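Chemist: The sequence and its predicted three-dimensional model are supplied below.
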Amino acid sequence: MSNVSSSFKPLNTIKISLRSIKDPIDPKETKGVYLIPCSCGIPYIAETSRSIKQRIGEHAADIRHNHSCTSALAEHSVKSKHHVCIEESKVIVRVDHFHHRKLREAI
């Protein structure tokens, strides 16, 4: 007999079959820079140190209630009668720890 050892390695492992333990984080639940499109073609781009989802919700409420004095986006919508596409908002830059200076440099 020869001194050759053999081993078996399964193709599918439990680790491969299971999903990641960590739940994916919705990018809008973080801080950062976001974009809200407008029907005029000029997007509104802003940054927030709070949840992007929360800030976009505030914009939506300001537009709904015609609070043009509290939001530049609402002011644009009210004065121009343009449709602001809140539902098409996007996250441009997501940050876990908000550092104003570093965020500006990333843009």
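Modeler: Okay, I see it.

Chemist: residues near N12, how many?
Modeler: By other C-beta atoms under 10 Å, the residues close to N12 number 7. Backbone N, C-alpha and C define where each C-beta goes, glycine included.

Chemist: ugh, wrong one, I meant I14
Modeler: Neighbour tally, I14, other C-beta under 10 Å: 7.

Chemist: pLDDT (mean, whole number) over stretch 32-41?
Modeler: In this model, stretch 32-41 carries a mean pLDDT of 95.

Chemist: Can you list the buried residues in that stretch?
Modeler: Using 16 or more other C-beta atoms under 10 Å as the test for burial, stretch 32-41 gives 32-34, 36-38.

Chemist: Counting only strands, which of these make the cut?
Modeler: The strands, defined by DSSP state E, take in 32-34, 36 from those.

Chemist: Find the pair from those residues with maximum spatial separation.
Modeler: Greatest spacing in these, by C-beta to C-beta: G32 and I36 (13.5 Å).

Chemist: quick check, A46 in a strand?
Modeler: Yes. Counting by DSSP: H, G, I helix; E, B strand; the rest coil, A46 falls inside a strand.

Chemist: Check which element follows the longest helix belonging to the chain along the chain.
Modeler: For the chain, the helix with the greatest residue count under DSSP state H is helix 52-64. Note on helix 52-64: by DSSP states H and E, the next helix or strand toward the C-terminus is helix 72-80.

Chemist: Can you work out which other helices and strands pack against that next one?
Modeler: strand 44-48, helix 52-64 (3 or more C-beta pairs under 8 Å, 6 or more residues apart in numbering; DSSP states H and E).

Chemist: For K9, which of those is the nearest?
Modeler: So among the helices and strands packed on helix 72-80, helix 52-64 is nearest, using C-beta to C-beta, at 44.2 Å.

Chemist: and the longest helix of the chain, what does it pack onto?
Modeler: strand 31-36, strand 44-48, helix 72-80.

Chemist: how much space between R64 and G57?
Modeler: 10 Å (C-beta to C-beta, to the nearest Å).
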